[in-house]
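Visitor: predicted model and sequence below, questions to follow.
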Amino acid sequence: MARFIVRRLLAMVAVLFAISVFTFFIFQVIPNGDPALRLAGRTATPENIATVRHYWGFDKPIYVQYVKTMGHIFDGSIVSYTQQLNVEDQIRADLPPTLSLSIGAGIIWLFFGIVFGMVSAIKAGRFTDRALTVLSMVGVSTPVFFLGAVMSYYLGYKAGIFPPANYVPLTTDPWGWFTHLIMPWFALSVLFIGIYARVLRNNFLDTMNEDFVRTARAKGLSERQVLVRHVLRNSLIPIISLWGLDFAAVIGGGAILTESVFNLQGVGQYAASSIGNLDVPPVLVITMFGAFFVVLLGGVVDVLYALLNPRIRLEG
Amino acid sequence: MVTRFSRWIGAVALLAAAMLGLSACGGGGKGSSVTALFGTAPDSLDPGFGYTTQAAEPDWIVYTPLVTYGHAEGKAGGQVIPGLATTLPKVSADGLTYTLTLRKGLVYSNGTAVKASDFPYSIERSMKLNWGGKSFYTSNIVGAAAYDKGTVKTISGIKTNDATGKITIKLLAPYGPFPNVLAFPSSGLVPSGTPMVNEPNNPPPGDGPYMFSSVTPNKGYTMVQNPHFAAQNIPGIPAGSIKTINVQVVSTPQQEANSVLNNSADVFDPADEIPGSLLPQIESKAKGRFAEVTTAQNYYFFLNTKTKPFSSLLAREAVIYALDRTALAKQAAGFIKPACFFLPTELIGHPTGPCPYGDASGPPNLAKAKALVTQSGMAGTPVTVWGENQSPRKEYVDTYTQTLNQIGFKATEKLLARAVYFQQIGSAKTPNLQTGFADWQQDFPNPVDFYLLLDAKSIQPVNNQNFGQVNDPFIQAQLAALDKVPATRLVTVAGKWETLDTYVAKKAYAAVFGYNKSPKFFSNRIDFGSAIFHPVYFNDWSSWKLK
Amino acid sequence: MAIDPAAFTPGTEFSEGPITAAPSDAARADVVGIGPYRLALRRLRRNRVALAFGGLFLLVVVLCLLAPVYSHDIAHIGPNDGRPNGTVTVGGKVEQVLSVNGVPIGPSWHSRYFLGADNDGRDVAVRLLYGGRNSLQVGLVAALITLVLAAAVGLAAGYFRGITDGLLSRAMDVIWSYPAVLLGVALGTSLALGGLDLGLFQVSGNSLWVPTVIIGVVYIPYVAKPLRGQVLGLREREFVDAARAQGMGSIRILLSEILPNVASTIIVFVPLIIANAILLEAALSYLGAGIQPPNPSWGNMIADGIHQLPGAIHDTLVPGIMLVLAVLGINVFGDGVRDALDPRATVRIEH
C-alpha cells in the first residue's frame, strides 16, 4: 500500500509538470500574441510596449518565463495579466459557487442515478426499464448548456418558477442560494443521472447472477433483504468510485459549461473568461488545480476500492 | 499543493465566517442608497491602472485631477474646468510650459493634506503601473519617457513647490489636448507614498465627492460620500446627494435590464447592451426613465489605402454607397445611430453638411456602387474582411462581407477573438489587411483623439491604429496646425475641423457606419430629469437624486 | 462534457488499477461454430429499438447531405445569405426579417425561413443542414482519428510493455488528467488564432481541422486504456506464442493475431466516440473555440441563439433539438451494437 501511494504521488507530480508545461506553451503559438501588445493599450508607442514587455519579463527566454511563473504559483504571488489580480485570491473567491454547484449536483445525481438504476434493474425488460433507459439516453445526449439555456428560458424567464440563475451566497440568503441553484443543479445532474442509472442497472443485473446472491437466497432471506443487503451493496462499489472521479472532474473545471450558461461566476467561468482574454496565469493555475483534483481523487478512489473489494490488488 | 489547498479551505471557511458576520450587522440604516448594476467589472478601481469605462466612471468622482470636466450634459460636459487647481493651466506662448496652482486646504478622503508634489507622484505611479494610456504622458511630458524606461528616478519635466502649491509642466512639443490629458482619472491625485503597485482590492484615497469603502474584485464594490469633500467647496464639482452607492457585477445584460425594469435595482450600466427582445417592453413599461443617448464612439470599416482594391478612390466610394447602415443599426438592436462622418456628433468639428455619398439613414445605392467597382477595374478582387468573433460585432462583419460580394468583390471574412483583434490588425506582419471592423471610443472629447487613427505619424509596425494606412498631405498639414490648438480654445477652430472631416468623408478613407448609442436607464426611485448623462464618463453619479 | 474516465473500469489512472479485460467475445464465439460478427449482427437485427434510432441518425445524415438541394430548390437562399433588411411574406402579411430592435423572425413554415431567421437574417433551416454537415464531419473524422491513434497506442503499450508502455501510458495520463473542456478550449482558442504549421501541411485558424484534431486527441485515452488491458491479456495466450514460435515479427503478430481479437471492442467504441465528438464540438463552439464562424455548425448556431435570449428562442431550439436527435440516435444504436458484440457490457464510454 505504501509503495502504491508513493508511486502514485510521483506520477502525480510528473503529470502536473507535463500539464503545466503544455498549458504554458499552448498560448505561445498565437501570432502577435505577445501579451505586452495587449497590455500596453491601443494608443501605446513601440517604446511603451517595450517597457511593458520588460516589466513582465516577456523579453526573457520562454523557459525562464515558465520557471518564473511556476515560482509565482508556488509562493502564491501570481497575478493575472489583464487585471493584475492575485489569481489564487480570485479562485478562492470563486470557489463558493463552484462548490455549491458541484456538491448539490453530486448529491442529486447520485440519488437519482441509484434510484433509476435500481428500478430499471428490478423491472428489467419491462416498460419501466425501457422508458428509463430511453430517458437516460436522452440525458446523456443533451448538451448541458443547451439544456440550461432552455430551462432558464422556459422555467425562469417565461414561467417565472425559478429566479434567473446567478449565485446568491449561502451566508447572506440561504433560501435565495437554494432557489437560484435548483436549475443549475438539475441541469448538471441530468447527464450523470443517465450514466449512473445505466451503470448501476448493469452492475445490479450482473451481481444478481453471482454465487453469493444465490447462497443468500438459499439461506431463506426475503427478496427485499437480498436485493438491498447483498445486490445493491455490491453493485454500489463501482458507483461510488465513479462518483468520486466525476465529482473531482466537476470541481476541477468540469462545470465550466454549467457555470457559463447559468452565470454562476465560479472557477469554471473564471477559466472560460481567462481563456477568452488569453490570460495565461489564471488558465495555468486553474488547469493545474483541476488536474490535481482529478489525479488525487483518482488515487483515493483506487485505494478505497481496494479496501472495499478484497479481490482487487493494487499494482505497484 | 496540498498545503496550499488546506490554506484555501481555511480561507473559504474564514470568508464564510466573515460573510456571516457582515450579514449580521447589515440591514438597517439604508438611508439614501442606490444599487447600480454592471455587466462587466472594472479592470481595476485603482486610478493608476483602471483603463476601461467601467473604471473611469466611478474614478472620475473619487479622484479629482488638477483639471476635470464640467458636470453637465452635451458640449458643456466636454469642457475642461479647474479641479484641484485654482484655474485652468496658464500656457506659455510657445505652448511648451503649463503652469497651475493647487487650491489651498485640500485633503484626501483619509484626512491627509494634498500636496503639489503628489501630482508628479501620481503620474509616475500610473506609469509604473503600466496604465493603458501612458503613451499620452511619455509622448508629451519632458523626461517621462526616460522615467518610463527606468533610467531616471523622477520626471524631470514636472516641477512643484509644496509651499506655494505651484506646478510647472514642460512639454516636448505643443500639444493642444494636454489639458485633456491632465483631466484623465489616472492624472487624479493620490497621496505620495501610495505603493507603486496596482491596488484593485483597496484603491488609494483620493480627493473627490465619493470614496471606495469596500471592494470585492469582479463581484462588486461600495462607494460612500467622502466626509472631507463638501467642506472644501470646489466650484463646479457637486458633493452628491446619494449617501451610499452599491455596485454589483451581474452576469447577463438580460438580468441587469430586468432588475432595473422591475425596480429591484436602480441603475443599468450604459456600457452594456440591452437585449433587443426586451426593448419593446422597456419602452412601454419604463417610460420616463429610459432614453438612448448618442456617445462619442464611432464604428467604421477601415479601408487599406495602400493595397488593392481600396487603393482606388472609386472602389472606396463604392463601399460607402453600398453600406447598409440601417441594417447594421438593426443588428445593434438600434443602439447605433447611422452616420457617415468620422467625428461623432458630440464632438466639436462634427460636420453639419450632407453626407457626400448617399444619405446615411437611407437605403444603400447598390447599382451606383456596382458601376463604380466596375469603373475602378477592381471587380472580382479577393478581399479579406477582418472582424471580432463576438456578437453583435460579428454580425456587422457578416453583413458587410455580403455587401462587398454584392457589389463585385470576392470577399471572405476572418473573425478573431476580441482579446487580440486590434493587435492582429495593427501588426505589419499580418497578411491581407484590406478591410475590416474598427471603432474608436474617445479618450477625451477632442477631435485630435479621433484623428490619431488617420494620422500618418501614428503608423507603426505594432499596435498601429491607422489601419487604413492613410497618409494624405492635406490631413497632415491640417493636423500639424490643429494639434497645437489648446483644448480651451477648441471652439475657435471648429470650422477647420469640419472642413477636414468633410474632406476625409469625401476621400472615403474610412467607411463610417454610425455612432454608438448608450442606454440611460434608471429605476423609478431616481430622479431621471436631474441625472446627468455625461459625454465623457456616461452616468454622472454625483448628479443622482432620489425622488 | 466530462467524458467519464471511470466508465470503463474502476481503475483510474491510465496505466494502473485493476483491468477487467473480458475474455474476448470473439474467442468465445468460435466454440459455437458461428462467426462472432454474424452472431452479433443477428442479435443487432433483433433489437428493433436500436435499429430505429440508427435509422434516425441516418435520416439526419441524409438530410444534411441534401443541404444544397434544399438551399437551392426549396428555400432559394444560401447558408450565408443574410437579409437583415429583408422582408418575407407570412400568411399574406409582409413581415420584417429582423425587427427594428434586431430580433429575428420565427418559423414561417413556408419555403423561405421555414424555421425562422437568425440575427443576420439568414435562413435557419438552410444553415441547420449545412451546419449539420460540418458538425457530423468533425464528429466522424475526429472519431476516426481517436480510434486509429488509440488502437496504435493501446496495441503498442499492451504488447511491448516496458519502456514503450511507460512512455505511452504517461502521455495518456496527461491527456486524461487534463480537464477535457479546458484543454479543448485552450487549444481551440489559440489555434483558431494561429493555425497550425506542421512543416509539411499547414492548417489555417478557421479550418475544420483544428476542432477535429483537438477532439480526436482528447478522447484517445478513453479508448486506448481498455485496449491496452485486453492486449496485455492476449499476448500471453497460446496462439500468440505459436505465432512467435513461427518467427513472425511483432508488427505482423499485432496486425494479424492481436488486432482481430480486439476489433469488436473498437467497433463498440465507434458510435460512442462519434456521439461524444459531436457533443464536444458543440461545447467548444459554445465557448467560442470550436468550428469558427462564418462556417455554421450546430454548436455555434446554439451559441448564437443563446446569446440572443430571451428573444428568438427558435435560434437555440432548432439546432439544439437537431443535435440531441442525432446524438440520441447514434447513442441508442451504439448501445445496441454493444449489446450485440459485448453482451456483458465490459466496454463503456458514457461521458
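Guide: That came through fine.

Visitor: all strands for the stretch 201-350 of chain C, in order.
Guide: C:202-203 (DSSP state E, counting those that start in this stretch).

Visitor: which residues of it lie near chain B?
Guide: C:Asn206, C:Gly288, C:Gln292, C:Pro293, C:Pro294, C:Asp304, C:His307, C:Gln308, C:Leu309, C:Pro310, C:Gly311, C:Ala312 (C-beta under 8 Å from any C-beta of the partner chain). Every residue, glycine included, has its C-beta placed from N, CA and C.

Visitor: and those residues as TSV, adding neighbour count and pLDDT?
Guide: Output for these, formatted as TSV (neighbours: other C-beta atoms under 10 Å in any protein chain shown; pLDDT from 0 to 100):
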residue	neighbour count	pLDDT
C:Asn206	20	72
C:Gly288	22	82
C:Gln292	27	83
C:Pro293	24	82
C:Pro294	22	81
C:Asp304	24	90
C:His307	17	84
C:Gln308	23	84
C:Leu309	19	82
C:Pro310	20	83
C:Gly311	22	82
C:Ala312	25	86
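
Visitor: tally of neighbours for the closest residue to chain B within the stretch 51-200 of chain A?
Guide: Going by C-beta to the nearest C-beta, chain B is nearest to A:Thr171 of the stretch 51-200 of chain A, at 3.9 Å. Per other C-beta atoms under 10 Å in any protein chain shown, the neighbour tally for A:Thr171 reads 18.

Visitor: for the helix or strand harbouring B:Gln424, which outside residues touch it?
Guide: Assigned by DSSP states H and E, B:Gln424 falls within helix B:418-425. The contact list for helix B:418-425 (C-beta atoms under 8 Å, 6 or more residues apart in numbering or on different chains) reads A:30-34, A:37-38, A:42, A:276-278, B:302, B:386-390, B:393, B:416, B:430, B:433, B:436, B:438, B:462-463, B:465, B:467, C:193.

Visitor: check contacts around the residue of the stretch 201-350 of chain B found nearest chain A.
Guide: Residue nearest to chain A within the stretch 201-350 of chain B: B:Ser251 (3.2 Å; C-beta to the nearest C-beta). Listed by C-beta under 8 Å, 6+ apart, the contact set of B:Ser251 reads A:Asn166, A:Asn263, A:Gln265, B:Gly39.

Visitor: what kind of secondary structure is it in?
Guide: coil (DSSP: H, G, I helix; E, B strand; the rest coil).

Visitor: what residues does the stretch 201-316 of chain A put near chain C?
Guide: Contact residues, the stretch 201-316 of chain A versus chain C (C-beta under 8 Å from any C-beta): A:202, A:206, A:237-238, A:241-242, A:245-246, A:249-250, A:252-254, A:256-257, A:260-261, A:271-272, A:275-276, A:278, A:283, A:286-287, A:290-291, A:294-295, A:298-299, A:301-302, A:305, A:312-316.

Visitor: which members of the residues you listed occur in helices, if any?
Guide: Among these, the members found in helices (DSSP state H) are A:202, A:206, A:237-238, A:241-242, A:245-246, A:249, A:256-257, A:260-261, A:271-272, A:275-276, A:283, A:286-287, A:290-291, A:294-295, A:298-299, A:301-302, A:305.

Visitor: buried ones among the residues you listed?
Guide: A:202, A:237-238, A:241-242, A:245-246, A:249, A:256-257, A:260-261, A:271-272, A:275-276, A:283, A:286-287, A:290-291, A:294-295, A:298-299, A:301-302, A:305 (16 or more other C-beta atoms under 10 Å in any protein chain shown).

Visitor: what's the following helix or strand after the top helix by length along chain C?
Guide: Looking across chain C with DSSP H, the single longest helix is helix C:124-160. For helix C:124-160, the following helix or strand on the C-terminal side (DSSP H and E) is helix C:162-177.

Visitor: is any residue of that next one near chain A?
Guide: Yes. Counting by C-beta under 8 Å from any C-beta, chain A is contacted by helix C:162-177 at C:Arg170, C:Asp173, C:Val174, C:Trp176, C:Ser177.

Visitor: can you name the element that comes right after the helix or strand hosting A:Ala18?
Guide: Element membership for A:Ala18 (DSSP H and E) is helix A:2-26. Next helix or strand after helix A:2-26 toward the C-terminus (DSSP H and E): helix A:35-39.

Visitor: contact partners for B:Ile234?
Guide: Contacts for B:Ile234 were tallied using C-beta under 8 Å, 6+ apart; they are B:Thr64, B:Gly83, B:Leu84, B:Arg103.

Visitor: same thing with A:Ser152?
Guide: Counting by C-beta under 8 Å, 6+ apart, A:Ser152 has contacts A:Phe162, A:Pro164, A:Ala165, A:Met183, A:Val261, A:Phe262, C:Leu309.

Visitor: next one, pLDDT for the residue of the stretch 51-200 of chain A closest to chain B please.
Guide: Reported pLDDT at A:Thr171 in the predicted model: 82.

Visitor: poorly predicted segments of the chain, please.
Guide: You didn't say which chain, so I picked chain A. Low-confidence segments of chain A (pLDDT under 70): A:1, A:31-32, A:165, A:308-316.

Visitor: wait, chain B was what I had in mind.
Guide: Using pLDDT under 70, chain B drops low at B:1-31.

Visitor: list the buried ones in the lengthiest strand in it?
Guide: Using DSSP state E, we find that the single longest strand of chain B is strand B:290-303. Using 16+ other C-beta under 10 Å as the burial criterion, the residues of strand B:290-303 that qualify are B:290, B:292-303.

Visitor: okay, those residues in CSV with distance to B:Thr53 next?
Guide: Listed next are the buried residues of strand B:290-303 as CSV, based on distance: C-beta to C-beta, whole Å:
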residue, distance to B:Thr53
B:Phe290, 20
B:Glu292, 17
B:Val293, 14
B:Thr294, 15
B:Thr295, 10
B:Ala296, 12
B:Gln297, 10
B:Asn298, 15
B:Tyr299, 16
B:Tyr300, 19
B:Phe301, 23
B:Phe302, 22
B:Leu303, 27
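
Visitor: tally of neighbours for the residue in the stretch 51-200 of chain B positioned nearest to chain A?
Guide: At 3.0 Å from chain A, B:Gly132 is the closest residue in the stretch 51-200 of chain B, using C-beta to the nearest C-beta. B:Gly132 has 23 neighbours, counted by other C-beta under 10 Å.
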